[in-house]
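K.L.:
Take this sequence and fold it.
(one chain, ligands or ions: 1)
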Amino acid sequence: MTEADVAILDAPEPLSHHVAERLVAEIVAAQAARGSATVVLTGGGMGVRTLAAVADLDTSAVDWSRVDVWWGDERFVPADDDERNDGQARAALLDQLDLDPARVHPVPAADAVGSAEEAAERYAAELAAVSAAAGNRPADGTAVPAFDVLMLGVGPDAHVASLFPELDAVAEQRATVVAVHDAPKPPPHRVTLTLPAINAARQVWLVVAGADKAGAVALAAHGAAAQQVPAAGVRGTERTVWFLDTAAAARLPETGDAESA
Ligand SMILES: O=C1O[C@H](COP(=O)(O)O)[C@@H](O)[C@H](O)[C@H]1O
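P.N.:
Have a look, this model is predicted:
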């Protein structure tokens, strides 16, 4: 957590509201600066709760047709499975917005492709193509667009996206997207951005609530190795922010540098 900002809120509800307000502000700022905004969503409890909080805000300052939406990870299940991060995000928020469907980029579902590897390859190719179209880097399969804000949940085991401790995916250094087949949290088959892809984002936000996450947060704060504590291995190129509730922050050594939010 060195060089990261920390914002601590009393409980999950004010936390999700705070992150939602910050997200809308960053989208407005990105559109003012660059014409469009690119966000990467997370699944999980606080990820979906934050999207529901955005739905409660006045977002008239956002031009939703100029927002690109990606996911940091996806559960490799059929498109209509309730476990899909994509489906949960659409139900919580996306279906209520005037998004450009061509700018919403779900990971291919298990009933659309033959394997999680194929889903990962297609997702990586789409990331590279959008990146190249924006003039960033050649579409060689190892590029990602310039994400403005990439949000992550953190599991009690310190996993982020579908990067779980000690699995090969955490060590991936070249591919932007990989398949995961032995996730300890069900469902076992998943597709995830890798650490290099996550760490290409301008801002990486970790949104964490609950006492069961306090140990993971403390380990990340102590600078543990990413292989054992994946949450310790993420950072934005411009900014990294930990948004915590008091329960998740309970085992931080000293939070004197925390934002009072
Ligand atoms: O399975 C997943 O879990 C993580 C963390 O979820 P949480 O409910 O413990 O906050 C989430 O970030 C990831 O997107 C999701 O696929």
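
K.L.:
In CSV, list the C-alpha atoms belonging to the helix or strand harbouring A169.
P.N.:
Using DSSP states H and E, A169 maps to helix 168-171. Presented in CSV, the C-alpha positions along helix 168-171 are these (Å, rounded to 0.1, in the frame of the first residue of the first chain):
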residue,chain,number,x,y,z
ASP,A,168,0.1,-19.4,-12.4
ALA,A,169,-2.0,-16.4,-13.5
VAL,A,170,-0.5,-14.1,-10.9
ALA,A,171,3.0,-14.7,-12.3
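
K.L.:
List of residues touching the helix or strand just after that helix?
P.N.:
Later in the chain than helix 168-171, the nearest helix or strand by DSSP H and E is strand 177-180. For strand 177-180, contacts defined as Cβ atoms under 8 Å, 6 or more residues apart in numbering pick out 76, 115-117, 119-121, 123-124, 127, 162, 164, 167-169, 172, 188-194, 197. Every residue, glycine included, has its C-beta placed from N, CA and C.

K.L.:
mean confidence score for strand 177-180?
P.N.:
Averaged over strand 177-180, pLDDT sits at 98.

K.L.:
again with stretch 125-137
P.N.:
87.

K.L.:
Can you classify L244 as helix, strand or coil?
P.N.:
L244 falls in the strand class when you classify it by DSSP: H, G, I helix; E, B strand; the rest coil.

K.L.:
surely it meets V208?
P.N.:
Yes - counting by Cβ atoms under 8 Å, V208 is a contact partner of L244 at 5.3 Å.

K.L.:
Which residues are in contact with each of those two?
P.N.:
What both L244 and V208 touch, as defined by Cβ under 8 Å, 6+ apart, is the set V217.

K.L.:
Now do the contacts for the closest residue to the ligand within the stretch 1-150 of the chain.
P.N.:
The ligand sits closest to G44 of the stretch 1-150 of the chain, with a gap of 2.3 Å, by Cβ to the nearest ligand atom. When contacts are counted by Cβ under 8 Å, 6+ apart, G44 touches N85, G153, G155.

K.L.:
near the ligand, from the residues you listed?
P.N.:
Contacts with the ligand within the contacts of G44, as defined by Cβ under 6 Å from any ligand atom: N85, G153, G155.

K.L.:
The residue lying closest to the first one once chain neighbours are set aside: what secondary structure?
P.N.:
So that's N85. Among residues not flanking N85 along the chain, G43 sits closest, at 3.2 Å (Cβ to Cβ, 6 or more residues apart in numbering). Following three-state DSSP, G43 is assigned to coil.

K.L.:
okay, G43: pLDDT?
P.N.:
pLDDT, G43: 97.

K.L.:
so who does it touch?
P.N.:
Neighbours of G43 in contact, by Cβ under 8 Å, 6+ apart: W71, D73, E74, R75, N85, Q88, A89, G153.
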